[in-house]
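Asks: Sequence first, then the predicted structure, then my questions.
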Amino acid sequence: MDPEENPYRPPSSPVRDMNQMHAGGPAGKWRRFGTFVVDYLCFMVVGFIVGVAVGLIFGQRGIVAMQRVPNIISGSVVFFCYYVVFEGIWSRTPGKWALGTVVTNEAGTKPSMKQVLGRTACRFIPFEAFSFLFDATGWHDSIPHTRVVRCR
């Protein structure tokens with residue numbers, strides 16, 4: 001009996017190599033800008049959820065404590081955690097998922113946690129967002145030696 005005709009054979013499916021998944025080439029500036037917009041909206045939602053959670057869990061004491069912390073500090077903590085968690089675990093943020101991009105290291109594989117932390121820390125450099133005007137990659141890519149590529 002031919003193995004292809006065997007009704008008792010286990011099912012099979014193609015397995016995609018992760019390196020093939022990231023072989024789409026560099027993400028363009030407009031795709032990256034769209035990613036930034038989606039991530040900014042998601043960041044605002046996450047910040048809102050954190051505020052509501054603190055209010056529900058700690059009540060009035062939590063709200064008073066949050067009001068004592070300057071907005072720039074609490075926003076920076078949420079911003080830092082947002083990028084570190086998403087890019088550290090999945091190499092993608094919700095914006096990157098929506099627009100079909102992924103963060104890789106220079107070898108085309110998942111970046112190390114050190115690279116993700118460096119990438120996120122570089123986002124706090126003043127005027128870093130304008131670094132895309134002068135270079136194809138932003139400072140948060142060139143300093144930690146990462147890149148953003150298309151995956152679809």
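Replies: Yes, it's here.
Asks: Let's see the pLDDT reported for the nearest residue to Glu128 once chain neighbours are set aside.
Replies: Nearest non-adjacent residue to Glu128, counting by CB to CB, 6 or more residues apart in numbering: Trp139, 5.1 Å away. For glycine as for every other residue, the C-beta is placed from the backbone atoms N, C-alpha and C. Note for Trp139: predicted pLDDT of 89.
Asks: Which of the helices or strands spans Ile72?
Replies: helix 71-89 (DSSP states H and E).
Asks: In that helix, which residues are buried?
Replies: Under the neighbour-count criterion of 16 or more other CB atoms under 10 Å, helix 71-89 has Ser74, Val78, Phe79, Tyr82, Tyr83, Val84, Phe86, Glu87, Gly88 buried.
Asks: what does stretch 119-134 give?
Replies: Under the neighbour-count criterion of 16+ other CB under 10 Å, stretch 119-134 has Arg119, Thr120, Cys122, Ser131, Phe132 buried.
Asks: can you check stretch 88-103 too?
Replies: Gly88, Ser91, Arg92, Thr93, Pro94, Gly95, Lys96, Leu99, Thr101, Val102, Val103.
Asks: Show residues contacting it.
Replies: Contacting residues not belonging to stretch 88-103 are listed as 21-22, 24, 27, 31-32, 34-39, 42, 82-83, 86-87, 104, 110-111, 113, 116-117, 119, 146-152 [CB atoms under 8 Å, 6 or more residues apart in numbering].
Asks: Which of these fall within helices?
Replies: 21, 31-32, 34-39, 42, 82-83, 86-87, 113, 116-117, 119 (DSSP state H).
Asks: List buried members of those by neighbour count.
Replies: By neighbour count, with 16+ other CB under 10 Å, the ones in helices among the contacts of stretch 88-103 hold 31-32, 34-35, 38-39, 42, 82-83, 86-87, 116-117, 119 as buried.
Asks: Gly59: which of those is nearest?
Replies: Tyr82 (25.3 Å; CB to CB).
Asks: Distance of the closest residue to the closest one other than its chain neighbours relative to Gly25?
Replies: Of all residues not flanking Tyr82 in the chain, Phe43 sits nearest, at 5.3 Å (CB to CB, 6+ apart). For Phe43, the distance to Gly25 (CB to CB, to the nearest Å) stands at 27 Å.
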